[in-house]
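[1] Starting from these lines, generate the structure:
(one chain, ligands or ions: 1)
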Amino acid sequence: MSKPSCYAVFGHPIAHSQSPRIHQCFAAQTGITLSYKTIDATPEALSTTVHHFFTNEGGHGANVTLPHKAAARALAHECSRTAMRAGCVNVLTLLAGGQLAAHNTDGSGLVRDLSARHALQLRGKHLLLLGAGGAARGVAWQLLETGIASLTIVNRSPAAADTLADMIGDVARVGTRCWQDLATIGPVDIIINATSAGVFQQSLNLPTTLIGAHTVCYDLAYGASARLFLDWSQAVGARRTLDGLGMLVETAADAFELWHGLRPATEPVYQALRSTC
Ligand code: ATR
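    As a prediction, the model looks like this:
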């Protein structure tokens, strides 16, 4: 019997990752046999560990998560448009000839979770994006492609927000504000928390005036990392508070489709994870 094709997720730490479970669920659903493991790689060891996985362990594809999303881009010989403009990647795929292709599925995963799973109308909405790091860069362009009316980017260090807005260049719809000015912008339709504050259990110190009766708050993280922002949002009256668990499943489905050419059904996997996360 031939060995199952081999996949992995690289991170540091990585033991908590749900990716092996998600990919095995997709595999069972589609009748594909594969192995999928976590690989804990320090930033210093990332390059050699990834190289070893693809050249010595029979790796076909890998997901990449914190803190390696920016560094992994440099390991690839080819970069998709989404990965290029985000400057960071979450999928590496082995090409014929042993080279690697990089892709970023964060933006497509977020948009599918917002619009298909949570039935949110994005067209015409005013969005506030908190953060301007890799996670924010991974989702900003796809949010704009849905036809939102405006995207206001706010970052603790304002220069990074300005840099992201300049990179996007859609001056009619994209602007930046200072964190200190958040109290002056009034309620927004949707707030996307793309900061890593929650990962470090730091609260964001946001003014309650951002939240109106119609405001939806979404955290790209899930579990304990999303709690502070979502608990705050709920306490100050947000209409809905949503975590990034659905986005995680959708981004995984994109990677699965890229590697196996089959689109898995995400809802049963999302529901199974929701009952335990
Ligand atoms: P990621 O890949 O998760 O986006 P990153 O590229 O290191 O990680 O970016 C982290 C983001 O969270 C940045 O926008 C960071 O703001 P700074 O650019 O000012 O560092 C933001 N962030 C992290 N901790 C924060 C906190 N306590 N309050 C506000 N923003 C925070």
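[2] Which residue ranges of the stretch 1-150 of the chain form strands?
    5-11, 34-40, 59-64, 78-79, 91-94, 100-103, 126-130, 150-154 (DSSP state E, counting those that start in this stretch).
[3] Please tell me I have it right and Ile153 contacts Thr176.
    Yes - if you go by CB atoms under 8 Å, Ile153 and Thr176 touch, sitting 4.9 Å apart. For glycine as for every other residue, the C-beta is placed from the backbone atoms N, C-alpha and C.
[4] which neighbours do those two share?
    Common contacts of Ile153 and Thr176 (CB atoms under 8 Å, 6 or more residues apart in numbering): Ala161, Leu164, Ala165.
[5] Can you lay out the strands of the stretch 1-150 of the chain as CSV showing mean pLDDT?
    Listed next are those as CSV, based on pLDDT from 0 to 100:
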stretch, mean pLDDT
strand 5-11, 97
strand 34-40, 98
strand 59-64, 98
strand 78-79, 97
strand 91-94, 98
strand 100-103, 98
strand 126-130, 98
strand 150-154, 98
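[6] Any chance of those strands in a markdown table with distance to the ligand and mean neighbour count as columns?
    Listed next are these as a markdown table, based on distance: least, CB to the nearest ligand atom, whole Å; neighbours: other CB atoms under 10 Å:
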| stretch | distance to the ligand | mean neighbour count |
| --- | --- | --- |
| strand 5-11 | 11 | 23 |
| strand 34-40 | 18 | 18 |
| strand 59-64 | 11 | 25 |
| strand 78-79 | 17 | 16 |
| strand 91-94 | 15 | 23 |
| strand 100-103 | 15 | 22 |
| strand 126-130 | 7 | 23 |
| strand 150-154 | 9 | 23 |
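[7] Sitting in helices, which of the shared contacts of Ile153 and Thr176 do you find?
    Using DSSP state H, the members of these that fall in helices are Ala161, Leu164, Ala165.
[8] Could you check how far the second one is from Val89?
    If I follow you right, that is Leu164. Taking CB to CB, to the nearest Å as the measure, Leu164 falls 17 Å from Val89.
[9] Check the last one too.
    Ala165 sits 22 Å away from Val89, going by CB to CB.
[10] Between the two, tell me which one has more neighbours.
    Val89 (31 against 20; other CB atoms under 10 Å).
[11] these two touch, right, that one and Val64?
    Yes - if you go by CB under 8 Å, Val89 and Val64 touch, sitting 6.0 Å apart.
[12] what's the overlap in contacts for those two?
    By CB under 8 Å, 6+ apart, the residues touching both Val89 and Val64 are Ala72.
[13] mind listing what the residue of the stretch 1-150 of the chain found nearest the ligand touches?
    With CB to the nearest ligand atom as the measure, Gly133 is the residue of the stretch 1-150 of the chain nearest to the ligand, at 1.9 Å. Counting by CB under 8 Å, 6+ apart, Gly133 makes contact with Asn155, Ala160, Ala194, Thr195, Ser196.
[14] Now for those residues: which two are most distant?
    Ala160 and Ser196 (12.6 Å; CB to CB).
[15] Check which residues of stretch 186-197 are buried.
    Pro187, Val188, Asp189, Ile190, Ile191, Ile192, Asn193, Ala194, Thr195, Ser196, Ala197 (16 or more other CB atoms under 10 Å).
[16] Let's see which of these end up in strands.
    Ile190, Ile191, Ile192, Asn193 (DSSP state E).
[17] Just give me the closest of the residues you listed to the ligand.
    Minimum distance to the ligand across these is 9.1 Å, recorded for Asn193 (CB to the nearest ligand atom).
[18] does the closest one really touch Tyr222, like I thought?
    No - using CB under 8 Å, Asn193 is not in contact with Tyr222; the gap is 11.5 Å.
[19] Give me the distance between Gly131 and Glu267.
    Counting by CB to CB - Gly131 and Glu267 are separated by 28 Å.
[20] between those two, who's got more neighbours?
    Gly131 (25 against 11).
[21] Tell me which stretches of the stretch 51-200 of the chain form helices.
    81-86, 106-112, 134-145, 158-168 (DSSP state H, counting those that start in this stretch).
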